[in-house]
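Novice: Fold the following.
(one chain, ligands or ions: 2)
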Amino acid sequence: MDAAPRPPATGKRKQSSLLAFFPAASTAPSPSAAAPKKSKTTREPALRFVREHGWKKVKQETSSEVDGCVVYEDGEGGRLRYWPAFLPNDEATRLYDHLRTSTAWSQGHGRTATSSPTASATASPTTAESPGPSYVNAQGARVSTPRMQKHYGRGIAGGSKFRCGYREWPADVWALKARVETAADRSFNFVLLNFYRDQDDYMSPHTDAGQFLGSNPAIGSLSLGAARRFVLHYADRTAKPAVPRFELPLAHGSLLVMAGSTQHRWLHSVPKQRALAAGRINLTFRFVLDAFGDDDRGIASQ
Ligand SMILES: O=C(O)CCC(=O)C(=O)O
Ligand SMILES: [Fe+2]
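Specialist: Ligands and ions are numbered 1, 2, ... in the order given. Next up, the predicted model:
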């Protein structure tokens, strides 16, 4: 029996919370949900445009620390840096297998009603996933977050409507954080792990915004396992003639850093993807601002 049921396939879901995470109000780890499906982790060819609107490849970056970075800018202050092979293939495979089996994954519930993407991309947060009991979709059905999650690091409290307790970093994730910080040239104090068990798990269009992340947050996003489509949608859906869209397949062992004003104008998502032979784990490293952090290790540590 699958203890982590899928949301019902009730058609197209209206989207765009300002935060795509939130630590689950739930739940015991589910052995069946976290159980390996297959662990095929082949590296995809580097980078492919489906359509290119807005984002331009500006340069191939090399540094003494981490080579092989491709930089994209949207001309409006948004900046992506992508390392297709940030981790060696073997290491990425070991890490994927280890995190998949050793993490006490839980499945979140709860996303408040959404507002229009155009408004949400620029206004203060009015919508977000929250640790409520369930998410009521456009068809009125109650569904669970369509992936498994875990967070480590800084608690979020102190006035934010998003709350979670401090959770101790496992040594391997802490070590990874240091490497991502070196590449991104930023400090991080929080990580969210998303486990997409198979082709039916996904993440809806959203921005990684919220007062507790500051106005131009840098997000370090490390991918392990099956390459999934990472789609950026221009948040202004009234834009003519077409909604600009940019797409990267995030490769096994790759690192993507979103920075500058990216979160103001672009929604991102990981859609369902047919014919996938494996799961995927993504770690998004963030920096939670002091005013919203809560280091009281007694709070909601799980
Ligand atoms: O899985 C991914 O690549 C995206 C994760 C993400 O957008 C998030 O955690 O906010
Ligand atoms: Fe996100």
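Novice: Please spell out which residues along stretch 179-194 are buried.
Specialist: If you call a residue buried by 16 or more other Cβ atoms under 10 Å, then stretch 179-194 has these buried ones: 179-181, 183-184, 186, 188-194. Backbone N, C-alpha and C define where each C-beta goes, glycine included.
Novice: Run through who's touching it.
Specialist: Applying Cβ atoms under 8 Å, 6 or more residues apart in numbering, the external contacts of stretch 179-194 come out as 21, 23, 65-66, 69, 81, 83, 86, 99, 103, 147-154, 156, 169, 173, 177, 203, 218, 220, 222, 255, 257, 259, 281-288, 293.
Novice: Out of those residues, which end up buried?
Specialist: With neighbours counted by 16+ other Cβ under 10 Å, the contacts of stretch 179-194 contain buried members at 21, 23, 66, 69, 81, 83, 86, 99, 103, 147-154, 156, 169, 173, 177, 203, 218, 220, 222, 255, 257, 259, 281-288, 293.
Novice: So which of those residues sit within strands?
Specialist: 69, 81, 83, 148-153, 156, 203, 220, 222, 255, 257, 259, 281-286, 293 (DSSP state E).
Novice: before we move on, the earlier item: the buried residues of stretch 179-194 also near ligand 1: which ones?
Specialist: Restricting these to those adjacent to ligand 1 (criterion: Cβ under 6 Å from any ligand atom) gives 192, 194.
Novice: could you list every residue that touches the residue nearest to residue 86 when sequence neighbours are not counted?
Specialist: Using Cβ to Cβ, 6 or more residues apart in numbering and skipping residues adjacent in sequence, the residue nearest residue 86 is residue 255, 3.7 Å away. For residue 255, the contact set (Cβ under 8 Å, 6+ apart) comprises 82, 83, 86, 87, 180, 183, 184, 220, 221, 222, 223.
Novice: Give me the neighbour count for residue 73.
Specialist: Here the count is done by other Cβ atoms under 10 Å, and residue 73 has 18 residues near it.
Novice: surely it meets residue 56?
Specialist: Yes. The pair residue 73 / residue 56 is scored as a contact, 6.1 Å apart, by Cβ atoms under 8 Å.
Novice: distance of the closest residue to ligand 1 within the stretch 201-302 of the chain from ligand 2?
Specialist: Distances between the stretch 201-302 of the chain and ligand 1 by Cβ to the nearest ligand atom are smallest at residue 282, namely 3.3 Å. Using Cβ to the ion, to the nearest Å, we find residue 282 at a distance of 9 Å from ligand 2.
Novice: ok, now residue 191?
Specialist: Distance from residue 191 to ligand 2, by Cβ to the ion: 12 Å.
Novice: If that residue is in a bridge, with which residues?
Specialist: Per DSSP bridges, the residues bridged to residue 191 are residue 152, residue 285.
Novice: Can you check what pLDDT the model gives it?
Specialist: Model confidence at residue 191, expressed as pLDDT, equals 95.
Novice: and what of residue 245?
Specialist: Residue 245 is given a pLDDT of 76.
Novice: Likewise for residue 76?
Specialist: The confidence metric pLDDT takes the value 81 at residue 76.
Novice: I'd guessed it sits against residue 265; true?
Specialist: Yes. The pair residue 76 / residue 265 is scored as a contact, 6.2 Å apart, by Cβ under 8 Å.
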